[in-house]
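> quick one, structure for this:
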Amino acid sequence: MSITQNLVSLMGGYIDVRSKPDEGTTFTLELPFEQSDLDLQPIQEGCLEALKVLVADDSRDVCEHTALLLERMKIHAEWVLSGTEAVDRAVSAHAEGCEFDVCLIDWKMPDIDGVETARRIRKEVGRDTPIIIISAYDWSEIEDEAREAGVNAFITKPLFQSSLYNVLVSVTNGAFGMSRIDEITEGTSLQGNGFCWQRTTR
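Reported below is the predicted structural model:
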């Protein structure tokens, strides 16, 4: 708890804990955030069902979680556990005439990293397949190199269905059911400048 309190304090936030016998404990967490100028795409049922996505991450848990999120959007997903496997699978799919529509590739992998994986996929299959780098880190230091290697977009871990949906709509330019990628339903942008999370446990 002390570690959590220190982290919250460093972020300029506030945490409160209240307990009552036989009732449980309530944790209240407040953090300040700037209002986002990025409007989220409203999730539209069936919008991306035609997509076939390849996921590459050296963590099986991340692969399974990402595949689950994609399957909830009725998107066909395959996953591999290394950059080398990603290149091989992308090349074989291309040769079979059933290439992937999008590749989601982790930046930090032990054999070859995401940028080199993207570079090799581009060399073998061309520039038509959008490539998205997944990262839990600040990618600003590699952004120029990644763009040069053929990376189209970046997405931050942990992955959520909403963020995954938005980046897929963005890189496919609405080709799978969206008439305009900036078509926003009123009221879907983030409102306010703070976040309050509360949980009660017993």
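
> tell me which stretches of this protein form helices.
2-10, 60-72, 83-95, 114-125, 143-149, 161-171 (DSSP state H).

> out of those helices, flag the one nearest K52.
In terms of C-beta to C-beta, the element of the helices of the chain nearest to K52 is helix 83-95, at 8.2 Å. All C-beta spots, glycine's among them, are computed from the backbone N, C-alpha and C.

> quick one: contacts of that closest one?
Taking contacts as C-beta atoms under 8 Å, 6 or more residues apart in numbering, the residues outside helix 83-95 that touch it are 54, 56, 78, 80, 99-100, 103, 105, 109, 111-114, 116-117, 120-121, 124-125, 129.

> buried members of the residues you listed into PyMOL, please.
Only the buried entries of the contacts of helix 83-95 go into this PyMOL selection, using 16 or more other C-beta atoms under 10 Å:
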select buried, resi 54+56+78+80+99+100+103+105+109+112+113+114+116+117+120+121+125+129
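
> what is the burial count for I3?
I3 has 7 neighbours, counted by other C-beta atoms under 10 Å.

> where does this structure dip in pLDDT?
For the chain, residues meeting the criterion pLDDT under 70 lie at 1-2, 10, 33-47, 174-202.

> run the last query once more with 80
1-12, 14, 29, 31-49, 173-202 (pLDDT under 80).

> could you break the protein into its assigned domains?
According to automatic domain parsing, the chain comprises the domains 2-36+188-201, 52-171.

> relative to S82, how far out is the nearest residue to A149 once chain neighbours are set aside?
Spatial nearest neighbour of A149, excluding adjacent residues (C-beta to C-beta, 6 or more residues apart in numbering): R119 at 4.1 Å. For R119, the distance to S82 (C-beta to C-beta, to the nearest Å) stands at 15 Å.

> same thing with P110?
Taking C-beta to C-beta, one finds P110 at 7 Å from S82.

> show me the contacts for the nearest residue to E78 once chain neighbours are set aside.
Of all residues not flanking E78 in the chain, L54 sits nearest, at 5.5 Å (C-beta to C-beta, 6+ apart). Shown in contact with L54 (C-beta under 8 Å, 6+ apart): 77-80, 86, 89-90, 93, 100, 102-104.

> again, only using 10 Å
By C-beta atoms under 10 Å, 6 or more residues apart in numbering, the residues touching L54 are 76-80, 85-86, 89-90, 93, 99-105, 121, 129, 131.

> can you lay out the helices of the chain as JSON lines showing distance to D16?
Formatted as JSON lines, these follow (distance: least, C-beta to C-beta, whole Å):
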{"stretch": "helix 2-10", "distance to D16": "10"}
{"stretch": "helix 60-72", "distance to D16": "31"}
{"stretch": "helix 83-95", "distance to D16": "45"}
{"stretch": "helix 114-125", "distance to D16": "40"}
{"stretch": "helix 143-149", "distance to D16": "39"}
{"stretch": "helix 161-171", "distance to D16": "28"}
